[in-house]
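Please work out how this folds:
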Amino acid sequence: RGSAFVHIPQAMARGRGAEQYSAANLLQSKPGSHSGTLQKLSKQERENKLSVCNKICYAIGGAPYQITGCALGFFLQIYLLDVAQLDPFYASIILFVGRAWDAVTDPTVGFLVSRSRWTRFGRMMPWILLSTPFAVASYTLIWYVPSFEQGKVAWYLIFYCFFQTLQTCFHVPYSALTMFISSDQKDRDSATAYRMTVEVLGTVVGTAIQGQIVGASNAPCIRGELDEPMSNLSTVADVNVTHVTLEETRTAYIIASGVIGAIYVLCAIILFFGVRERKDTGRQRSEKPMSFFEGLRLVMGHGPYTKLVMGFLFTSLAFMLLEGNFALFCSYTLGFRNDFQNILLAIMLSATLAIPFWQWFLTKFGKKTAVYVGISWVVPFMILIVCLKSNLIMAYVVSVAAGISVAAAFLLPWSMLPDVVDDFKLKNPDSRGYEAIFYSFYVFFTKFASGVSLGISTLSLDFAGYQTRGCTQPEAVNLTLKMLVSPAPIALIILGLIIFKLYPIDEETRQGNRKLLQELRDNDQDSEMESNEIGSVV
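Got it, this is the predicted structure:
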């Protein structure tokens, strides 16, 4: 449902001008010719219908992106600091450059994919197939600690950027594949709904696999002077030092990456054999493709889009800060070194179960109301987690509450962006082929902001005096972690909600746009049917 933006019909370009003529004006049709044409069209539509199996196979193709994304989002920072033992400054560079590079590759790969030639396997499938083995190999090498020290930073930077590029080569064509699996809009919408369900489950699978395998072999800490007065944390540290070695922890990360890599390959195989890419015969080859900067000027010049993106940019930054630092916060500030992976899993399970609720809520009370309620829901719990003393039960309560807001943050952007595209379509009826531009630039801005947030947060830990593999951290580090999971995200959420106040598309406007678009589509279908009838008669 969330990516239904790409399903706006393009038939207006195909049927333009046909309404000026009728079959009777050109040639007197024979009796029954109209019904024969309809029967042919109906038979063709039935043959092109997607089965439930096709839709499931298509949806499974979206799982690798979410599984790897969750594993990297929750665990890469703590892995670089405590397992690879990198200096926080260099870890911040890797995280920032990797995410920023990922943001740049999205429109670049989209540009290249749009110019690909049709092959016997389709236009999108070769990108998906060829990128998969290299993506899995580079993903595994991200979680491998090389024996040398001198070039370790370059190792992680190269393979992180390499994986982001290859994953983009998989995910961008996969997203565009929606338009080529069926010519029927309802079929595409239904397939997208299957996809969103599998992608949400993918976040749980990624968190569970990485968390449970790695959590059983937490990186051993090194006791220092700070551990002396803190008996509780020292006890936890002793357990880790006694039973788990650093090599075992590194092996656990490799095993987790191998399992996720195998799932990645399996999903690609199911997608390839379960979905047939159909050639777009109605593509307007005479139209000049839009350049990167033309697209940027087009989408940023539309006021509702700018306000929506800016609002979600700040709220997404808030949840990215929470995601990137919550594992460290649980391990050091709260002292739950052996439980942080279960706390993270509670967040994602809660988010998965809450998505149907928010889907019902936004249809019942409107999308803007859902934004205010859903995003702000987590604020009191963020305050609670840093104000109360360390309590495992309270940590789980806050995690479940945070997951409810994460679900809203996950669902609402993809639910509201189609409204902006519809509004743009009504105000610019002559524009063609712009839908994907709105979404690619939204992903571009959020990914770039994600890199900035991760880089700044890791750099802040470096300035606070973060001790690699320490059983405990200096008070300045604990204070910094508290700031990164509570005051900073809350300030970003408030700023984002203020911007949403200026967002002009409310429920009344949305319903009005929907009626106007339906009239355009009805007129377009009439003109296309008339054009088909003329072709049949001739």
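
which non-adjacent residue is nearest the spatially most central residue of the chain?
Central residue of the chain (C-alpha atoms, centre = their mean): residue 66, 6.8 Å from the mean position. Nearest non-adjacent residue to residue 66, counting by C-beta to C-beta, 6 or more residues apart in numbering: residue 202, 3.3 Å away. Every residue, glycine included, has its C-beta placed from N, CA and C.

Not including adjacent chain positions, what is the nearest residue to residue 169?
residue 131 (3.8 Å).

ok so, going back, what's near enough to touch the residue nearest to residue 66?
By C-beta atoms under 8 Å, 6 or more residues apart in numbering, the contact set of residue 202 is 62-67, 70.

what's the neighbour count on the residue nearest to residue 169?
For residue 131, the count of nearby residues is 21 (other C-beta atoms under 10 Å).

Test my guess that it contacts residue 170.
Yes - the criterion here is C-beta atoms under 8 Å, and residue 131 meets it with residue 170 at 4.8 Å.

how about the helices in the stretch 251-400 of the chain?
Counting by DSSP state H, counting those that start in this stretch, the segments of the stretch 251-400 of the chain that form helices are 292-300, 303-328, 340-365, 367-376, 379-387, 392-427.

again with the stretch 401-538 of the chain
With DSSP H, counting those that start in this stretch as the criterion, the stretch 401-538 of the chain has helices at 435-464, 475-485, 487-501, 507-537.

Which positions in the shortest one come out as buried?
Spelled out, that is helix 475-485. 477-478, 480-485 (16 or more other C-beta atoms under 10 Å).

gap between that helix and the chain center?
Centroid separation between helix 475-485 and its chain, computed with C-alpha atoms, centre = their mean, to the nearest Å, is 28 Å.

which one of the buried residues of helix 475-485 is nearest residue 328?
Checking the buried residues of helix 475-485 against residue 328 with C-beta to C-beta, the nearest one is residue 481 at 5.9 Å.

And residue 93, which helix or strand is it part of?
helix 88-114 (DSSP states H and E).

Restrict the helix or strand that that helix is followed by to CA atoms and write it as PDB.
As assigned by DSSP H and E, the chain's next helix or strand after helix 88-114 is helix 125-142. Output in PDB follows, covering the C-alpha atoms of helix 125-142 (Å, rounded to 0.1, in the frame of the first residue of the first chain):
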ATOM      1  CA  MET A 125      15.800  -8.700 -13.400                       C
ATOM      2  CA  PRO A 126      19.400  -8.700 -14.700                       C
ATOM      3  CA  TRP A 127      20.200  -5.900 -12.200                       C
ATOM      4  CA  ILE A 128      18.700  -8.000  -9.300                       C
ATOM      5  CA  LEU A 129      20.400 -11.200 -10.300                       C
ATOM      6  CA  LEU A 130      23.900  -9.900 -11.100                       C
ATOM      7  CA  SER A 131      24.100  -7.700  -7.900                       C
ATOM      8  CA  THR A 132      23.000 -10.500  -5.500                       C
ATOM      9  CA  PRO A 133      26.200 -12.600  -5.100                       C
ATOM     10  CA  PHE A 134      28.400  -9.600  -4.900                       C
ATOM     11  CA  ALA A 135      26.100  -7.900  -2.400                       C
ATOM     12  CA  VAL A 136      26.100 -11.000  -0.200                       C
ATOM     13  CA  ALA A 137      29.900 -11.300  -0.300                       C
ATOM     14  CA  SER A 138      30.500  -7.600   0.600                       C
ATOM     15  CA  TYR A 139      27.900  -7.900   3.400                       C
ATOM     16  CA  THR A 140      29.800 -10.800   4.900                       C
ATOM     17  CA  LEU A 141      33.100  -9.000   4.700                       C
ATOM     18  CA  ILE A 142      31.700  -6.000   6.600                       C
END
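
Check which helices and strands helix 125-142 is in contact with.
With contacts taken as 3 or more C-beta pairs under 8 Å, 6 or more residues apart in numbering; DSSP states H and E, helix 125-142 sits against helix 63-78, helix 152-176, helix 246-274.

how far is the longest one from where the chain is centred?
For helix 246-274, the gap between its own C-alpha mean and the chain's C-alpha mean amounts to 19 Å (C-alpha atoms, centre = their mean).

and it, average pLDDT?
The average pLDDT for helix 246-274 rounds to 92.

could we number from 12 for the rest of this?
Okay, residue one is now 12; in that scheme the one you just asked about reads as helix 257-285.

Next, the angle from that helix to helix 163-187.
When axes from the mean of the first three to the mean of the last three C-alpha atoms, to 10 degrees is applied, the directions of helix 257-285 and helix 163-187 differ by 20 degrees.

And for the shortest one?
Calculated by the same axes, to 10 degrees, helix 74-89 forms an angle of 160 degrees with helix 163-187.

mind listing what's buried in helix 74-89?
Residues of helix 74-89 classed as buried: 74-89 (neighbour count, 16+ other C-beta under 10 Å).

ok, now stretch 434-442?
With burial defined by 16+ other C-beta under 10 Å, the residues of stretch 434-442 counted as buried are 434-436.

Check the residues you listed against residue 165 and report the nearest one.
Using C-beta to C-beta, these come closest to residue 165 at residue 435, 43.3 Å.

Residue 319 is in contact with that closest one, correct?
No - contact status for residue 435 versus residue 319: not in contact, 11.4 Å apart, counting by C-beta under 8 Å.

which ones are touching residue 275?
Taking C-beta under 8 Å, 6+ apart, one finds 75, 78-79, 143, 146-147, 150 in contact with residue 275.

And residue 124, how far from residue 180?
Remark: distance between residue 124 and residue 180 (C-beta to C-beta, to the nearest Å) = 8 Å.

Now the common contact residues for the two.
Taking C-beta under 8 Å, 6+ apart as the criterion, residue 124 and residue 180 both touch residue 138.

The two: which is more packed in?
residue 180 (21 against 18).

follow-up on the earlier one: looking at the helices of the stretch 262-411 of the chain, which is buried most?
helix 314-339 (a mean of 22; mean count of other C-beta atoms under 10 Å).

and that one with helix 498-512, angle?
Using the same axes, to 10 degrees: helix 314-339 against helix 498-512 is 160 degrees.

What confidence value was assigned to the closest residue to residue 170 other than its chain neighbours?
Closest residue to residue 170 apart from its sequence neighbours, by C-beta to C-beta, 6+ apart: residue 152 at 4.6 Å. On pLDDT, residue 152 comes in at 94.

Around residue 152, count how many other residues there are.
18.

Next: residue 166.
Neighbours of residue 166 under the rule other C-beta under 10 Å: 18.

Quickly note the distance from it to residue 494.
Counting by C-beta to C-beta, the gap from residue 166 to residue 494 is 31 Å.

try residue 426
According to C-beta to C-beta, residue 426 stands 31 Å off from residue 494.

Kindly report the same for residue 418.
For residue 418, the distance to residue 494 (C-beta to C-beta) stands at 25 Å.

Could you do residue 423 as well?
Using C-beta to C-beta, we find residue 423 at a distance of 26 Å from residue 494.
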